[in-house]
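# next input, structure requested:
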Amino acid sequence: STTIAKTNNKNYILDDVINTIKNNHPYNNIPDSIVEKIGRNLHLQQFHPLNIIKQRIEDFCNSYALSNGNYQFKIYDNLNPIVNTKSCFDDLRVGKEHVSRRPSDTYYLTNDELLRTHTSAHQIQFISDGNQAFLCSGDVYRRDEIDSSHYPVFHQMEGVRIFKDSDFPAEVVSISDRKKFIEEDLKNILTKLAKHLFGEVDMRWRDDYFPFTEPSFELDVFFNEDWMEVLGCGVIHDDVMANAGKSSELGWAFGVGLERLAMVLFKIPDIRLFWTTDERFLKQFIPKNGKLTDLSSVRFVPYSKYPLCYKDVSFWLPDSKIKQINKDGVEEEVYSVHVNDIYEVIRNIAGDLVEKVDLFDEFINKKTGKKSQAYRVTYRHMDRSLTNEEVDKIQEEIRSKLVDKLG
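Numbering: from 1, shown residues only. Here you go, the predicted model:
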């Protein structure tokens, strides 16, 4: 049967998306373990912790908007994850030399089609369509390390507001003054959002750099006796507005990671837990009265802590190298096998049985110039104890696959 994924402004057919991803293009680097996650839409599942955070932000933003300018944020939360390099990178001023564009860091279908690496990939479309304010959330995909806080699929929310002439006070006329006004409005809504989520906490703003905003900022809050980064934001760059066909307009944008917020607010220790279907996890977030009004009342209670098991694997890297542009714009030679390629092999075979993978040793033979690496794979099931025999079987499959990949 055909599965339809519903969106606010259009539908896309999930089966078609998956079939498109499973093409045989030589640039396609998307494994089955990632394909299986597409369409899960954790952020849309009622009472899932990611959905709770999402709704909390949406409710606050629209309440704020009504009382501070009488506008509304449109909600987009189930958009096709396949985007092109133009919308994901070029239109947002992410240069061709940027590390995020490399196949070692991003899942490509073809040379110019990929699984979005951030929800900002939809920003140009919605600004171009004339949206004055919108919140866009969804799953995003990045090849990454393996540990308790990193996962190749996670969820983001993008917030954007575009200002009309009538939104500015009469005395705010110049472009520089209007950008300052927009910056103040941005910081005001996000400061109040942080208080809405974390309560009365200390905060600090830090100047930062993002290619798509200027100026750019990070917001930190002091929570659980430590400073933590909450979100990035800024005044939308003039070039980005021009790319959307709105060069005469100004606005702001922010982005937040839903897993990061949920892990901190609900004290969830391992990012893999978001993907579990175990009722012992999910039922902890169902409010007794049907509506969660106070986030501080919800704290994840571990229902098990099964023993870990670790195995080591080491190998020589193949001699082949590739040329790539580094962050300084200089061409350099690097090994054709990236550390994320190794993580991908391990994750694709062992799945969520892997708690973390550590690259704990590297060695270069001075005579031959060959390089070796050693990795420690830590296994721990979220719901039961693993036997040494089943881990050995998985580890042997990983070794075999690495031999195939490394030659």
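# for the stretch 1-150 of the chain, give me the ranges with low pLDDT.
Along the stretch 1-150 of the chain, the parts satisfying pLDDT under 70 run over 1-12.
# and the stretch 251-400 of the chain, by the same measure?
290-294, 325-329.
# which stretches in it count as strands?
309-316, 321-325, 331-335, 354-364, 371-379 (DSSP state E, counting those that start in this stretch).
# so in this structure, which helix runs the longest?
helix 175-198 (DSSP state H).
# can you give the distance from that helix to the centre of its chain?
23 Å (Cα atoms, centre = their mean, to the nearest Å).
# re earlier: with mean neighbour count and distance to residue 62 added, can I get the strands of the stretch 251-400 of the chain in TSV?
Any C-beta I mention is one placed from the backbone N, CA and C, and that applies to glycine too. Output for the strands of the stretch 251-400 of the chain, formatted as TSV (neighbours: other Cβ atoms under 10 Å; distance: least, Cβ to Cβ, whole Å):
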stretch	mean neighbour count	distance to residue 62
strand 309-316	16	47
strand 321-325	13	43
strand 331-335	11	47
strand 354-364	15	39
strand 371-379	17	43
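# and these: which comes nearest residue 46?
strand 354-364 (28.4 Å; Cβ to Cβ).
# can you list the strands that that closest one pairs with?
strand 371-379 (antiparallel) (DSSP bridges).
# now do the strand it pairs with against strand 309-316: the angle between them, please.
160 degrees (axes from the mean of the first three to the mean of the last three Cα atoms, to 10 degrees).
# excluding chain neighbours, what is closest to residue 147?
residue 356 (4.1 Å; Cβ to Cβ, 6 or more residues apart in numbering).
# for that neighbour, give its distance to residue 149.
Going from residue 356 to residue 149 by Cβ to Cβ, to the nearest Å gives 10 Å.
# now residue 188
Going from residue 188 to residue 149 by Cβ to Cβ gives 30 Å.
# neighbours of residue 271, how many?
Residue 271: 19 surrounding residues under other Cβ atoms under 10 Å.
# contacting residues for the nearest residue to it once chain neighbours are set aside?
Leaving aside its chain neighbours, residue 271 sits nearest to residue 151 (4.7 Å; criterion: Cβ to Cβ, 6+ apart). With contacts defined as Cβ atoms under 8 Å, 6 or more residues apart in numbering, residue 151 is in contact with 144, 259, 271, 272, 274, 275.
# swap in residue 138?
Contact analysis of residue 138 by Cβ under 8 Å, 6+ apart lists 43, 77, 78, 79, 81, 116, 119, 155, 156.
# could you pull out the helices for the stretch 151-300 of the chain?
175-198, 238-243, 258-266, 279-282 (DSSP state H, counting those that start in this stretch).
# buried ones in the longest one?
To tie it back to what came earlier, the one meant is helix 175-198. Within helix 175-198, the residues that count as buried by 16 or more other Cβ atoms under 10 Å are 178-179, 181-183, 185-187, 189-190, 193-194, 196-198.
# next one: the second one
Neighbour-count burial for helix 238-243, with 16+ other Cβ under 10 Å as criterion, is recorded at 240, 241, 243.
# contacts for it?
91-93, 123-124, 127, 212-214, 247, 249-251.
# same thing with the last one?
Outside of helix 279-282, the residues within contact range by Cβ under 8 Å, 6+ apart are 47, 48, 273, 276, 300, 303, 304.
# restricting to C-alpha, output stretch 204-222 in CSV.
What follows is stretch 204-222, C-alpha atoms only, in CSV (Å, rounded to 0.1, in the frame of the first residue of the first chain):
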residue,chain,number,x,y,z
ARG,A,204,24.4,35.1,27.8
TRP,A,205,24.7,36.1,24.1
ARG,A,206,27.8,35.4,22.2
ASP,A,207,28.8,36.7,18.7
ASP,A,208,29.3,33.9,16.3
TYR,A,209,29.5,33.3,12.5
PHE,A,210,27.1,31.6,10.2
PRO,A,211,27.3,32.1,6.5
PHE,A,212,23.5,32.8,6.2
THR,A,213,23.2,35.4,8.9
GLU,A,214,25.0,38.7,9.6
PRO,A,215,25.3,39.5,12.4
SER,A,216,25.1,36.0,14.0
PHE,A,217,24.7,35.0,17.7
GLU,A,218,24.6,32.0,20.0
LEU,A,219,22.4,31.9,23.1
ASP,A,220,23.7,30.1,26.2
VAL,A,221,21.8,29.3,29.4
PHE,A,222,23.2,28.4,32.8
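# since that was my last question, I'll sign off now.
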